[in-house]
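1. Quick one, what's the 3D model for this:
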Amino acid sequence: MHKYSKQTRHLLAVDCIIFGFDGESLKILLIQRGFQPEKGNWSLMGGFVLQDESLDQASNRILKELTGLDGVYLEQLHTFGDTSRDPIERTISTAYFALIDIHKYEKQLNNDYHAEWFQLKRIPKLIFDHQDMVEAAKRRIRYKAALHPILFELLPDKFTIPQLQILYENVFNTTIDKRNFSKRVLATGLLIKLSEKDKAGSKRGAYYYQLNRQNYYAKFQAFLNFIPNPDTLLL
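-> Next up is the predicted model:
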């Protein structure tokens, strides 16, 4: 078997960034690293790519091995290759990210590596350049959320306007006027009002809604009326 001669070889890894929404706050899944360096410190789910697998296969395998999560759609984010990112050996890592409804996957989560959900605003110190990966993933999500219905994947099939507002405020790290938000989101015609109410928060309760997916794909630009300018979200 021929090999490229006189070429330096590097380790190849993948890291998985999993964001989840539990109906109240946006969170990120972290584990405690199981080996040195930085053993026991908080980390994204990462590992080395095997000789016989693709990057996509590696990301799914590693996520399942470290957390128990299976069947999660992972999207490739960016490759991080700073020469000093790993103190042991030159390692290049491709980051993947996902958005999930925490309640849909809570039964899969195992505790082998102390996988734990943290509020996105209260992330502990992470190893290596993992914080940079998280920030890059947040920027990508904000950009995608401005143009596509990805945030609705985090909501249950039926949801309230307050739940939707909390989700958008968490993702875009901003405060949105309650009346303004409700008025604008209902004016889009993209939500279907149900007869049921959620009375957990008050006696009066809040009506449940569903996303009209057919209308959404036809008129998704209507959402641009109440979220930040998507052209600024990659900065």
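2. mind listing what Gln57 touches?
-> Applying CB atoms under 8 Å, 6 or more residues apart in numbering to Gln57 gives no contacts. From N, CA and C alone the C-beta is placed, and that goes for glycine too.
3. The helix or strand containing it: which residues count as buried?
-> Per DSSP states H and E: Gln57 is located in helix 55-67. Residues of helix 55-67 classed as buried by neighbour count (16 or more other CB atoms under 10 Å): 55, 58-64, 66-67.
4. now stretch 71-85
-> 72, 74-75, 77, 80, 85.
5. Let me see the domain layout of the protein.
-> Listed by automatic domain parsing, the domain ranges of the chain are 11-147, 157-232.
6. Compare those domains and report which one is nearest to Ser5.
-> Across the domains of the chain, Ser5 has its closest neighbour in domain 11-147 (19.1 Å, CB to CB).
7. quick revisit: now the domains of the chain as JSON lines including mean pLDDT and distance to Lys3?
-> Formatted as JSON lines, the domains of the chain follow (pLDDT from 0 to 100; distance: least, CB to CB, whole Å):
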{"stretch": "domain 11-147", "mean pLDDT": "94", "distance to Lys3": "13"}
{"stretch": "domain 157-232", "mean pLDDT": "79", "distance to Lys3": "45"}
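8. just these: most buried one?
-> Mean neighbour count (mean count of other CB atoms under 10 Å) peaks for domain 11-147 among these, with a mean of 17.
9. Distance check, Leu194 against Tyr209.
-> 6 Å (CB to CB, to the nearest Å).
10. Between these two, which contacts overlap?
-> Residues touching both Leu194 and Tyr209 (CB under 8 Å, 6+ apart): Lys158.
11. I figured Ile100 was touching Ile17, is that so?
-> No. Applying CB atoms under 8 Å, one finds Ile100 not in contact with Ile17, separated by 11.4 Å.
12. right, and Phe48 touches Ala13 too?
-> Yes. Counting by CB under 8 Å, Phe48 does reach Ala13; the two are 5.1 Å apart.
13. before we move on, back to that, which two of the buried residues of helix 55-67 have the greatest separation?
-> Farthest pair in the buried residues of helix 55-67 (CB to CB) is Leu55 and Thr67. Separation: 18.2 Å.
14. which ones are touching the residue nearest to Leu126 when sequence neighbours are not counted?
-> Once flanking residues are discounted, Leu126 sits nearest to Trp42: 5.6 Å by CB to CB, 6 or more residues apart in numbering. If you count contacts by CB under 8 Å, 6+ apart, Trp42 has them with 30-33, 123-127.
15. ok, which stretches of this structure are helices?
-> Using DSSP state H, the helices found in the chain span residues 55-67, 102-105, 130-147, 161-172, 178-187, 213-219.
16. Off-centre distance for stretch 100-108?
-> When C-alpha coordinates are averaged (CA atoms, centre = their mean, to the nearest Å), stretch 100-108 and its chain have centres 13 Å apart.
17. Which strand residues bridge the residue nearest to Leu126?
-> As for beta bridges, Trp42 partners with Gln32 under DSSP bridges.
18. measure the spatially most central residue of the chain to Lys183 for me?
-> Taking CA atoms, centre = their mean as the criterion, Phe19 is the residue nearest the geometric centre of the chain, at 3.0 Å. Using CB to CB, Phe19 is found at 28 Å from Lys183.
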